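Chemist: Model the following, please.
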Amino acid sequence: MTDLPAHEPGTKIALNFRDELLARQWPRDHHVARLTANKKSPEGGSYTTYARATGILLGVWSERLPGFVYPDFQFDRAGAIKEEIVELLAVLPRDNDEGGWRRAFWLYSPHALLDGQTPADVFPGEPTRVIMIAKEEFQGAPDAGW
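Modeler: Here you go, the predicted structure:
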């Protein structure tokens, strides 16, 4: 699994943005595994792997570490996964995003409907607002074609 394909347009900008996000030192797999130690995967494997696969938690892949890191906006002050994250991740497109970077880029890019703030910055205080904006952007308004 690679971070980003080197042949896509805008790769240098995307790689720089990715590096900026990785510099935030988000929690790694082993740290999140400790935070979620009381949670079990139905398959008996790692809960973090299960949570990523089922949309309970967003992890982004880093070849440099190597491993997954987890954007910190998903956790409350005690380290628990915020319950609204499941609804948000259900709206964000997962197609061709096994490494999670497309979703992370959207979450950490300024958004016009959030007055230039990023969805990740707004989510902790106003999760419903971010979810509604994601629905509008990715699912469209039901009557938009009329």
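Chemist: contacting residues for the most centrally placed residue in the chain?
Modeler: With the centre of the chain defined as its mean C-alpha position, the nearest residue by Cα atoms, centre = their mean is residue 58, 4.0 Å away. Applying Cβ atoms under 8 Å, 6 or more residues apart in numbering to residue 58 gives the contacts 52, 70-71, 74, 85, 89, 100, 103-104, 107. Where C-beta positions appear, they are placed from N, C-alpha and C, glycine not excepted.
Chemist: Could you measure from it over to residue 92?
Modeler: 8 Å (Cβ to Cβ, to the nearest Å).
Chemist: Also residue 122?
Modeler: Separation of residue 122 from residue 92 (Cβ to Cβ) stands at 15 Å.
Chemist: can you check residue 101 too?
Modeler: 12 Å.
Chemist: Spell out the secondary structure type for residue 56.
Modeler: coil (DSSP: H, G, I helix; E, B strand; the rest coil).
Chemist: list the contacts for it?
Modeler: Contacts of residue 56 (Cβ under 8 Å, 6+ apart): 50, 81, 85-86, 89.
Chemist: what does residue 90 give?
Modeler: Per Cβ under 8 Å, 6+ apart, neighbours of residue 90: residue 55.
Chemist: wait, is it part of a strand?
Modeler: No - residue state for residue 90 (three-state DSSP) corresponds to helix; a strand is not indicated.
Chemist: do you know how far it is from residue 105?
Modeler: For residue 90, the distance to residue 105 - Cβ to Cβ - is 18 Å.
Chemist: could you pull out the helices for this protein?
Modeler: For the chain, the helices defined by DSSP state H cover 11-22, 29-35, 47-54, 85-91, 101-107, 119-122, 127-139.
Chemist: what's next to the fifth one, contact-wise?
Modeler: By Cβ under 8 Å, 6+ apart, the surrounding residues in contact with helix 101-107 are 3-4, 14, 17-18, 21, 58, 60-61, 71, 73, 89, 92-94, 96-97, 118-120, 123, 134.
Chemist: C-alpha coordinates for that helix, CSV please?
Modeler: Taking C-alpha atoms only, helix 101-107 is exported to CSV below (Å, rounded to 0.1, in the frame of the first residue of the first chain):
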residue,chain,number,x,y,z
TRP,A,101,-5.6,10.1,2.4
ARG,A,102,-8.5,11.3,0.2
ARG,A,103,-10.8,11.5,3.2
ALA,A,104,-8.0,13.1,5.3
PHE,A,105,-7.3,15.7,2.7
TRP,A,106,-11.0,16.7,2.6
LEU,A,107,-11.2,16.8,6.4
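Chemist: Having no further points to raise, I will conclude here.
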